[in-house]
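[1] fold the following.
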Amino acid sequence: MTQEKFQEHILKELGEIKNLFIKNEEDHGKLDSKIESVRGELAEKIESVRTEMESIKAEINDKFNSQLKWIIGSMLGFGIKIAALVFLIIKYLTPP
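    Numbering: from 1, shown residues only. Down below sits the predicted model:
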């Protein structure tokens, strides 16, 4: 192989290596943009889930509070009825 052919061969190989580096850079850029796209989608989904969880939490708190109020009201009403019954029993059992 003559020196000129060898130099042509080396230049051709270097050109192919350069093209591989360029393609690698392009692929790297595509991957970076895909990663950013996926990150954006995940951030949107996470925010959506967070909003849904807060909504469910508020709904559960409202239901719990209304149930608790109903239970307390029922117990209070039952306590008043017991107190009235005890008062009536004491009133009728004690001599005038």
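
[2] quick one: pLDDT of L85?
    According to the prediction, L85 has pLDDT 90.

[3] how about M1?
    Model confidence at M1 (pLDDT) stands at 59.

[4] cool, K12 as well?
    Model confidence at K12 (pLDDT) stands at 88.

[5] just the helices in the chain please.
    3-93 (DSSP state H).

[6] low pLDDT regions in it?
    Where the chain drops to pLDDT under 70, the residues are 1, 96.

[7] do that again at 50, thanks
    Applying pLDDT under 50 to the chain flags no residue at all.

[8] let's see stretch 19-38 as CSV, backbone CA atoms only.
    Listed next in CSV are the C-alpha coordinates belonging to stretch 19-38 (Å, rounded to 0.1, in the frame of the first residue of the first chain):
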residue,chain,number,x,y,z
ASN,A,19,-19.6,10.6,11.7
LEU,A,20,-20.0,8.2,14.5
PHE,A,21,-19.3,10.9,17.0
ILE,A,22,-21.7,13.2,15.3
LYS,A,23,-24.4,10.5,15.3
ASN,A,24,-23.6,9.8,19.0
GLU,A,25,-24.1,13.5,19.8
GLU,A,26,-27.4,13.6,17.9
ASP,A,27,-28.6,10.5,19.6
HIS,A,28,-27.5,11.9,23.0
GLY,A,29,-29.5,15.1,22.2
LYS,A,30,-32.5,13.0,21.3
LEU,A,31,-32.2,11.1,24.5
ASP,A,32,-31.9,14.3,26.5
SER,A,33,-35.0,15.7,24.9
LYS,A,34,-36.9,12.4,25.5
ILE,A,35,-35.8,12.4,29.2
GLU,A,36,-37.0,15.9,29.6
SER,A,37,-40.3,15.0,27.9
VAL,A,38,-40.8,12.0,30.2
